[in-house]
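A.B. asks: Kindly return the folded structure for what I paste below:
(2 chains)
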Amino acid sequence: MKNYLLNIMLDVVPQPTESLFRTSGKIFVVVGILTIIFTLITIYLVRLDAKISKLENKGK
Amino acid sequence: MAKIPYKWYKLLAVLLLGYTLIYGLLIPLPTDVGILDETIRNLFYHVPMWFGMMLILMAAWIYSILYLQNQNPNHEIIARSLTYSGILMGLCGLFTGMFWGYNTWGSPWTNDPKLNGVAVGMTMYAGYWLIQKSVNEGEKKARLASVYNIFIFPLFIALIFVMPKLAKFSIHPGSGESVNFKTYNKTNNMEMVFYPAIIGWTLFFVWIAEITARYELIKQRKENEKLFA
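C.D. replies: I've put the predicted structure just below:
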């Protein structure tokens, strides 16, 4: 009986993954912020790339 | 010369990294990862740093050999840029690893064969940087750095890849009697993010190396113009 109860309790207790990370749904805020940072870094790199291309063409 | 003629690889890098950053955080995880818990997601960010570093340093090694073979100064510039980019990746891997380790094992530096190998390896690459900065004569510097690079890359791989595999115990996957991919249960598909992450991060740092190499080439051309003007 005791074991049976314990099993039921373990089933009800959510997995750590589910409990901590997704309950609030706020993980999307982190995803959004990472996306913004990554987009800005990419734009910076693309512009730097274009500037260097310009310099390369000027030298020829 | 240093400019890679295929532009699409930059777009591919950005797309794969975007996928990695977004889906890597949202993908459901295996439930039996122990104390790692949610931090197993670092598999998509910390681990590709090391894989990418090894690939990029290998490319640098090949370019160093090419330089000694045909004395084309452009090859030395490419090798140097790739090496710096690889070192940057290694430092990213090191610092993320220390942060991850601090929050998992309670200490930023454990006595693990992989960590000690990397410490020695990074010191060897610091030596490469020192050669680049301390020798004045162009050609002598290029030859010295190339020979040194050819010499240290196999040692570095031995230190961070072969030695940990031979070690009895390591907390890093794939070495000694430790866990690896196959030991986790398959409630998920982490490989679906892991392999794109490796390709994406590597291409991204190749892009950075390409920009460095093109800058160095322009600088060199300016110096030559000044010399012959």
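A.B. asks: What are the buried residues along stretch B:140-158?
C.D. replies: By neighbour count on 16 or more other Cβ atoms under 10 Å in any protein chain shown, the buried set for stretch B:140-158 is B:141-146, B:148-150, B:152-153, B:156-157. In short, each C-beta sits where N, CA and C put it, glycine included.
A.B. asks: Looking at these, which is nearest B:Met58?
C.D. replies: Lowest distance from B:Met58 to these (Cβ to Cβ) belongs to B:Phe153, with 6.9 Å.
A.B. asks: Please look at the closest one and B:Ile56 and confirm they touch.
C.D. replies: No: B:Phe153 is not in contact with B:Ile56 according to Cβ atoms under 8 Å; the separation is 10.9 Å.
A.B. asks: Give me the packing partners of the helix ranked longest in chain A, helices and strands only.
C.D. replies: For chain A, the helix with the greatest residue count under DSSP state H is helix A:27-59. The helices and strands touching helix A:27-59, judged by 3 or more Cβ pairs under 8 Å, 6 or more residues apart in numbering or on different chains; DSSP states H and E, are helix B:8-26, helix B:191-228.
A.B. asks: Flag every residue of chain B that's near chain A.
C.D. replies: B:3, B:10, B:14, B:17-18, B:21-22, B:25-26, B:28-29, B:31, B:37-38, B:207-208, B:211, B:214-215, B:217-218, B:221 (Cβ under 8 Å from any Cβ of the partner chain).
A.B. asks: buried subset of those?
C.D. replies: Members of the residues of chain B next to chain A classed as buried by 16+ other Cβ under 10 Å are B:10, B:14, B:17-18, B:21-22, B:25, B:29, B:37, B:207-208, B:211, B:214-215, B:217-218.
A.B. asks: ok, which pair from those is furthest apart?
C.D. replies: B:Asp37 and B:Ile218 (48.2 Å).
A.B. asks: roughly how far apart are B:Trp109 and B:Asn149?
C.D. replies: 27 Å (Cβ to Cβ, to the nearest Å).
A.B. asks: B:Ile62 now?
C.D. replies: B:Ile62 is 10 Å from B:Asn149, by Cβ to Cβ.
A.B. asks: Run through chain A and note the low-pLDDT ranges.
C.D. replies: Within chain A, the stretches with pLDDT under 70 are A:1-25, A:60.
A.B. asks: Now name the helix or strand holding the most centrally placed residue in chain B.
C.D. replies: Nearest to the mean C-alpha position of chain B, by Cα atoms, centre = their mean, lies B:Met53 at 1.2 Å. B:Met53 belongs to helix B:47-70 when elements are defined using DSSP states H and E.
A.B. asks: and the helix or strand bottoming out on mean pLDDT in chain B, C-alpha only, in PDB?
C.D. replies: Within chain B, no helix or strand scores below helix B:163-166, which has a mean of 80 by mean pLDDT, DSSP states H and E. This file holds the C-alpha atoms of helix B:163-166, laid out as PDB (Å, rounded to 0.1, in the frame of the first residue of the first chain):
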ATOM      1  CA  MET B 163      44.600  11.500 -23.500                       C
ATOM      2  CA  PRO B 164      41.100  11.900 -21.900                       C
ATOM      3  CA  LYS B 165      40.000   8.800 -23.800                       C
ATOM      4  CA  LEU B 166      42.900   6.900 -22.300                       C
END
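A.B. asks: and that helix, what does it pack onto?
C.D. replies: Using 3+ Cβ pairs under 8 Å, 6+ apart, helix B:163-166 sits against helix B:113-134.
A.B. asks: and the angle for the helix it packs on with helix B:47-70?
C.D. replies: Here helix B:113-134 runs at 40 degrees with respect to helix B:47-70, directions being taken by axes from the mean of the first three to the mean of the last three Cα atoms, to 10 degrees.
A.B. asks: Can you give me the buried ones in helix B:113-134?
C.D. replies: Neighbour count says helix B:113-134 has B:113-118, B:121-122, B:124-125, B:128, B:131-132 buried, by 16+ other Cβ under 10 Å.
A.B. asks: contacts for it?
C.D. replies: Residues from elsewhere that reach helix B:113-134 (Cβ atoms under 8 Å, 6 or more residues apart in numbering or on different chains): B:80, B:83-84, B:86-87, B:90-91, B:93-94, B:97, B:109, B:141, B:144-145, B:148-149, B:152, B:155-156, B:159-160, B:163-164, B:167, B:170, B:172, B:175-176.
A.B. asks: mind redoing it with 6 Å?
C.D. replies: B:87, B:144-145, B:148-149, B:152, B:156, B:159-160, B:163-164, B:167, B:170, B:172 (Cβ atoms under 6 Å, 6 or more residues apart in numbering or on different chains).
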